[in-house]
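1. here are the coordinates; sequence isn't available:
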Ligand code: NAD
């Protein structure tokens, strides 16, 4: 999704009058963080708008290939020295960042709400997530990356180590929905692994990303190591892939496929965190109150604009009536309006495009015979892009909402009888990102989880338990992605493995006077014996 552009005389210097919601943010803050944008010559500018009322906030440069080249050059220059820093030295910066994030949260919460329109409690999720990941990689990067002794080719004669080297400069392309988390947390892993970073944030939410980067420099990051180029994905994506050493992408599946093709042509690695159509299964032994509360959190967090949000609810027949009654009551009680305080449950959608998609899915479903249990309407009286949290029943496969990702506050409820049926329905999607299960029987839940084709499965939660378990991998199966963030997988991907093997005393070759034929027989005999020695693997 791209913004309108306007040609203006000077780069990054104009901003809207401090009126309305924009007045909450100090113009000095915007000037300070915009100084972090890598720009060469004067540029066309693109305006960023506040979703609560669509007022202009400030414009940012629409970067071009020359800016990417300059950003990669600067990051590459700084990375050489950074790669020599010890893990402890790097960790000090990210631990300081953790503390600064918590200390300065009010500033970023206001800024994030201004440019995304989300509820404050959902903005807070980003602050806490970024702090947790920062602390995690500060304290655990060395465990994942230190040189490891590996089994040698000839026991006793070959000593073998595995090293992990930084890749160089990692390019990040981030979406607008969780602009702090998705611009910063993967980049923190890449930096802790010794890389430089060039980030292209989404044009709808550049300020949150810039604030996150600015704070990292305040925490002590060396100059130039983390570059930000603002502009359009279609213009900047290809040059970034052409000049970086790895691409980390979070966004839609279609864009992800295009990025994988471009990375393939250059033979560089990429990780892709893509879309989802995530199911939640409520078994008839579940605590129905807790499940309904959890479903409300899981379906309507960030107004449903969350890749791991629940869009399909499968409820076992005996619990269906009680669950749906509670779900509907809780959904109807949600507080929705434009607010910067912790007094609302659902905010605005980010843009007209998002609202159009939500309305299209709801109208298509109603036109084909589904009906509404709660919500169902856009709310222009609250702001231009608001839409009520909505529950649909009677959804069938020919309706777009049954298989397409809505990425909005819309969930469909379905009834099932047997667990096999629930597994079949939950897996009947091209996506495989996240799933939830509600039951009082932990053993049953674990068995059921392993039959779900989803990268994360939450038991008695919707998404937060697996997402916030940052020592474990997070990402998608099938069309939901390639590669994982968090844990060992989330940092190893930013390194190049290298094996160093030291041969001692005897080469891997026949001893003097032994023919190749005799040597082959000796080696075969040794291998047969070796295989039979108990305890040797
Ligand atoms: P999008 O793919 O349109 O845009 C994401 C980013 O890619 C933006 O920065 C955009 O400018 C850039 N981009 C667009 N076209 C490009 C191109 N041709 N080359 C390079 N970059 C390009 O996605 P969106 O609609 O903004 O974001 C919502 C999608 O992201 C949803 O499908 C959602 O599920 C997904 N998402 C996934 C995760 C995850 O972790 N799996 C997290 C958040 C969002």
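-> Okay, I see it. Note that this is a predicted model, so its numbers are computed, not measured. Numbers count the residues shown, from 1 in each chain.

2. Make sure residue 191 is actually in contact with residue 226.
-> Yes - counting by C-beta atoms under 8 Å, residue 191 touches residue 226, with 7.1 Å between them. From N, CA and C alone the C-beta is placed, and that goes for glycine too.

3. what sits in contact with each of those two?
-> residue 197 (C-beta atoms under 8 Å, 6 or more residues apart in numbering).

4. For the stretch 251-400 of the chain, give me the ranges with low pLDDT.
-> Within the stretch 251-400 of the chain, not a single segment meets pLDDT under 70.

5. Can you pull the residues of it lying near the ligand?
-> With the criterion set to C-beta under 6 Å from any ligand atom, the stretch 251-400 of the chain comes near the ligand through 251-252, 255, 258-259, 273-276, 307.

6. Take those residues and keep only those in strands.
-> residue 273 (DSSP state E).

7. Considering the residues of the stretch 251-400 of the chain next to the ligand, which is situated nearest to residue 384?
-> Nearest to residue 384 among these is residue 252, at 22.7 Å by C-beta to C-beta.

8. number of nearby residues for that closest one?
-> Residue 252: 16 surrounding residues under other C-beta atoms under 10 Å.

9. Might one say that it is in contact with residue 274?
-> Yes - between residue 252 and residue 274 there is a contact at 6.6 Å, judged by C-beta under 8 Å.

10. about what we covered before: list buried members of the residues of the stretch 251-400 of the chain next to the ligand by neighbour count.
-> 251-252, 255, 258-259, 273-276, 307 (16 or more other C-beta atoms under 10 Å).

11. is any part of the host helix or strand of residue 241 close to the ligand?
-> Assessed by DSSP states H and E, residue 241 sits inside helix 233-243. Yes - using C-beta under 6 Å from any ligand atom, we find that helix 233-243 touches the ligand at 233-234, 237.

12. Tell me the helices and strands packed up against that helix.
-> helix 65-82, strand 169-173, strand 196-200, helix 253-266 (3 or more C-beta pairs under 8 Å, 6 or more residues apart in numbering; DSSP states H and E).

13. before we move on, the earlier item: of the buried ones among the residues of the stretch 251-400 of the chain next to the ligand, which pair is most distant in space?
-> So, those by C-beta to C-beta: farthest apart are 258 and 276, at 18.8 Å.

14. got the residue ranges for the helices in the stretch 201-350 of the chain?
-> Applying DSSP state H, counting those that start in this stretch to the stretch 201-350 of the chain gives helices spanning 206-218, 233-243, 253-266, 288-300, 317-332.

15. between the last one and helix 288-300, how many degrees?
-> Just to be clear, that refers to helix 317-332. Counting by axes from the mean of the first three to the mean of the last three C-alpha atoms, to 10 degrees, helix 317-332 points 60 degrees away from the direction of helix 288-300.

16. List the buried residues for helix 317-332?
-> Across helix 317-332, burial judged by 16+ other C-beta under 10 Å covers 319-320, 322-324, 326-328, 330-331.

17. ditto for stretch 495-505
-> So stretch 495-505, judged by 16+ other C-beta under 10 Å, has buried residues residue 495.

18. ok now it, how far from the chain's centre?
-> Per C-alpha atoms, centre = their mean, to the nearest Å, the displacement of stretch 495-505 from the mean C-alpha position of its chain is 34 Å.

19. One more: stretch 191-205?
-> Taking mean C-alpha positions (C-alpha atoms, centre = their mean), stretch 191-205 and its chain are 13 Å apart.

20. and if you look at stretch 270-287?
-> On C-alpha atoms, centre = their mean, the centre of stretch 270-287 falls 15 Å from the chain's centre.
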